[in-house]
Structures are given as structure tokens and as C-alpha cells.
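**Student:** Okay, here's the prediction I keep looking at, along with the sequence it came from:
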Amino acid sequence: MLALGVLAQAAGTLVVATPAYLIPLLHLQQGVPLPQVGLLVAAPTVGLVLTLVAWGALADRVGERWVIAGGLALAAVLTALAAAAGGLVATGLLLLVAGGATGSCNAASGRVVVGWFPSRRRGLAMGIRQMSQPLGVAVAALVVPPLAQAGGVGLPLAVGAAATGALAFACAAGITDPPRPPRSVLVAGISPYRRDRFLLRVHLVSVLLVVPQFTLSTFGLVWLIADLRWTATAAGVVVAVAQLAGAGGRIVVGSLSDRFGRMLLLRLVAVAGVVALLLVAATGAVGWALPAAVLLVIATTVSVADNGLAFTSVAEAAGPAWSGRALGVQNTGQFLAASAVAPGVGALVALVGYPVAFALVAIAPLAALPLVPKADVHAG
């Protein structure tokens, strides 16, 4: 269940992340303005925002297997159509809907992990599951630029369609829904949002902490190429290494949270995020290409470390009757912020440059610190 959840989410992430790694082709070679490219980058993320709660509610009602498999199959068809589309507007609209289809994996695969693993191992298991996003981004960073160079926009999208299609079949064949409470318990459950403000605070913290994550994953590659004069291939390797390091970091942080508590680790990640972003900005400002790349890897690792902590905490606090919807709300907030990052930070970079933009983004994790709850909450 864990392996299929990781691979399903990674395939969906590959589709969502692909437009970010088309920036060198579209902006640097074809001259499309950066804010306009940012709208294409944001399109699949906006689709996620519009569908995540609905997918989560459907998983609460009918289970995880067919939600994941059906969503991935739909994403495969729509991404294939986007690959064959003639212009950026049509491609963007199809990616908007394809991104919404990939949202089926977000809440449903999280429910699979929470359902099959006990609390004492859930942080580690969810840390492994959450490595799916940086894994998908790492694959995109490695394969999209050379594929785009060879075959334009359509070829990397065709690869994403093939990946989501293959995982749709695998999940339909291999996923077994975890045991569920009786329907009377699910229907009678009281909303955890009425109990206290824990879930709301975790949602807000996650929204703020996702800003540096998507800033670095969206603009790290083009920053290395445009400002620090790395080749597209070398920059892709750096970004891929950063994403893989982030995947490993999620596992380590998740395991530590099983021992020391998720909120304590979440608070430490926010502090580290502020420091890392300021160091990236400083080395970029003076043009130190190699140190800046090393710090980009570190900052990217830190920026993704919170996701598993928050995701696990939301599922545990919501309980089995509400976890799908709560995880949908969690991801909706994150991707709503992420959809604003590409055009917003793109415009900021155009105005003040990459180093200053990265330094200003550090305000987001700083603002998250006082919002982190003091202790974990377990509803089931």
C-alpha cells in the first residue's frame, strides 16, 4: 500500500511539476515573459485547489482504491490531450483539468497510509509517503528539460501521461482499502473543526511553509541558469539532487516525529527555513555559484520537511470519519498558496531579482512560527 501510494503521488506530481521545467525553453529560448509562463506553471496547481476537498470527501465515502485509480486514469487522458494541443492557452486549460484529476491521490493515498499503519510508526510511514512529491519533482527536473529541448512542450507531457496511466492500472490492481469504522460512526462523527483550533492552525502554518517550497522548486532551475550561468543539464542535476535529498529528509523528520512529537519538529523546520533562505539569498547576491547551489539543495530539503509532519497531524487530529476531507482542506490551502507563487514570485523576481526575492520569501516561515500548536492532537 505504501509503495503504490508513493508511486501514484509521484506520477501525479510529475504532471503538475512539468510546466515549471518548461521555463528554460519557453522563457529563455522562446522569449515568453516570465509572469505569463508563471500562469502556465500555476495551471495544474489551480486545478488541484478546485478538486482536493471533493476528492477527499469521495474517499471518505467510497474508499481509496477507485478514487486513486480513477483520478490517475483521467489525468492520463487529459495530459495526453495537453501534449497534443497546439498552443499554450489550450495546453494550460487542459493542464488545469489534469491537475484537478491528479488531486485524487493527495488525500486518498494519505488515508491509505494512516489506515494501514499504527500511530507509533505513522510518522515514518507518512514521511516515506511524502517523499513522493520531491521524487516526482526530481524526475521532472531530470527529464523535462532535455525532452523539451528534443521535442518541445508535448514530449515531456506525453511522458507524464504514460506514467499516470501505468500507475492507474497498478493501483486498481494492487491497492486494498484499509479497515473502516461502521458507517454509523462515520455519519455521526462531529466535525473536528468545531472541537478546537488545532486543525486550522496547522492548515495556516502549512500554507505559509509551502511558499518557500514552491518558490525553490519553480525558480531554482532557472535561477541557476540565468543568474549563476549553470548549463540546463547541470542545473537539472542540482535540482534533482535537492529533491531527492528532500525526500530523504522527510523520512528522517517523520521518524523523529514518532519519538519527539510532530509539532516540535514542525517548529524547528520553520526556523531552519528562515535561515536557509537568507543564506541562499546572500550567496546568490554575491554570485558564488557553487556555494549557492549547495545551499539551494539544503534549503530545498528544509522546505519540504514539514509536509509529512503536517499531513500526519491533520489525519490524526481529524480521525477516520473526517480525515479525507481534512486532508483535502490541508492540500487545498497549500496548493492555493502554491498557485500564487509562480506568477507572484515571478513578478517579484522581475522587479527585484532572485536574491532579494528569496530573502523576502523568508518572511513566510518566520510568520508561521507563532502559529504552530504547542502539542499534538490524536482523535483516532
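**Tutor:** Looks like it came in fine. Residues are numbered from 1 along each chain as shown.
**Student:** which residues of this structure score low on pLDDT?
**Tutor:** Within the chain, the segments meeting pLDDT under 70 span 107, 180-189, 380.
**Student:** Find the helix or strand that the residue nearest the centre of it is a member of.
**Tutor:** Centroid-nearest residue in the chain, with Cα atoms, centre = their mean: Q133, separated by 5.1 Å. If you go by DSSP states H and E, Q133 is part of helix 132-151.
**Student:** after that helix, next one along is what?
**Tutor:** Later in the chain than helix 132-151, the nearest helix or strand by DSSP H and E is helix 154-174.
**Student:** what's the closest non-adjacent residue to A75?
**Tutor:** Distances taken as Cβ to Cβ, 6 or more residues apart in numbering place A101 nearest to A75, at 3.8 Å, with adjacent residues excluded. Where you see a C-beta, it was placed from the backbone N, CA and C, and this is true even at glycine.
**Student:** The helix holding Q133: which residues count as buried?
**Tutor:** By 16 or more other Cβ atoms under 10 Å, the buried positions in helix 132-151 come out as 132-145, 147-148.
**Student:** same question, stretch 12-28
**Tutor:** Residues 12-27 are the ones in stretch 12-28 that count as buried (16+ other Cβ under 10 Å).
**Student:** Of those, which belong to helices?
**Tutor:** Of those, the ones assigned to helices by DSSP state H are G12, T13, L14, V15, V16, A17, I23.
**Student:** which residues touch L369?
**Tutor:** Neighbouring residues of L369 by Cβ atoms under 8 Å, 6 or more residues apart in numbering: R267, A270, V271.
**Student:** can you give me the helices for the stretch 251-380 of the chain?
**Tutor:** 262-285, 289-304, 306-318, 323-352, 354-361, 363-368 (DSSP state H, counting those that start in this stretch).
**Student:** Throw the ones you listed into JSON lines and include mean neighbour count and distance to A69, thanks.
**Tutor:** Output for the helices of the stretch 251-380 of the chain, formatted as JSON lines (neighbours: other Cβ atoms under 10 Å; distance: least, Cβ to Cβ, whole Å):
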{"stretch": "helix 262-285", "mean neighbour count": "22", "distance to A69": "30"}
{"stretch": "helix 289-304", "mean neighbour count": "23", "distance to A69": "26"}
{"stretch": "helix 306-318", "mean neighbour count": "28", "distance to A69": "21"}
{"stretch": "helix 323-352", "mean neighbour count": "23", "distance to A69": "16"}
{"stretch": "helix 354-361", "mean neighbour count": "22", "distance to A69": "37"}
{"stretch": "helix 363-368", "mean neighbour count": "20", "distance to A69": "35"}
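**Student:** out of those helices, which comes closest to S206?
**Tutor:** The minimum distance between S206 and the helices of the stretch 251-380 of the chain falls on helix 306-318, with 4.5 Å, by Cβ to Cβ.
**Student:** thinking again about what came up before, okay if I get the helices of the stretch 251-380 of the chain as TSV plus distance to P212?
**Tutor:** Shown next, in TSV, are those (distance: least, Cβ to Cβ, whole Å):
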stretch	distance to P212
helix 262-285	6
helix 289-304	5
helix 306-318	10
helix 323-352	9
helix 354-361	5
helix 363-368	6
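**Student:** which one of those lies closest to T231?
**Tutor:** Closest to T231 of the helices of the stretch 251-380 of the chain, according to Cβ to Cβ: helix 289-304, at 11.5 Å.
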